[in-house]
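Visitor: sequence and predicted structure, then a few things I'm wondering about:
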Amino acid sequence: MIILRKIDLLGMKTVIAYALVIIGIPNLVGILFGALVQTPIIGLLSVSGKFRLTMLPYMEVFCGFGAVVAAILLFHFLGATLSIAIPIIIAAWMSFYFWRYKQSPKAWGSWLVGIAVGWFTVSRLFS
């Protein structure tokens, strides 16, 4: 009886973790993380305003990285197993957003690079 409860609880934690990824909570955390990292870096690049504007889409790599790290930590703290579906879901959400609202393809590519870098580096620490 206790074993069945433990299995059921683990399954429920996995469902909760995937539900949070699907509704976009790690994406929101990634946007916040990216803003916290981008702001000082852009401030340090105190050259011309034109240079700042051209660099801004490429700084979105921090948002993608932060989103994947948030998802990995979510799964780690809930005790759920990581799978390749996590970065795919995050990338699908961001692709929908960027193409639906006609955002910059450079920023979209930066998000995808951040997702890939975060997944292939940080997920190894928690597996």
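Guide: Cool, the structure landed.
Visitor: please count neighbours and contacts with C-alpha atoms only from this point.
Guide: Fine.
Visitor: ok, then the element right after the helix or strand of the chain with the lowest mean pLDDT?
Guide: Lowest on mean pLDDT, DSSP states H and E among the helices and strands of the chain sits helix 49-55, with a mean of 71. Following helix 49-55 in sequence order, the next helix or strand is helix 61-78 (DSSP states H and E).
Visitor: now do the buried residues in that next one.
Guide: Neighbour-count burial for helix 61-78, with 16 or more other Cα atoms under 10 Å as criterion, is recorded at 61-76.
Visitor: next, the angle from the following helix or strand past that helix to helix 61-78.
Guide: Remark: after helix 61-78, the chain's next helix or strand is helix 85-100, criterion DSSP H and E. Angle of helix 85-100 versus helix 61-78, following axes from the mean of the first three to the mean of the last three Cα atoms, to 10 degrees, is 140 degrees.
Visitor: contacts for the helix or strand just after helix 85-100 next, please.
Guide: Counting by DSSP H and E, the next helix or strand C-terminal to helix 85-100 is helix 105-125. Contacts to helix 105-125, defined as Cα atoms under 8 Å, 6 or more residues apart in numbering, come from residues 57-69, 72, 82, 87, 90-91, 94-95, 98.
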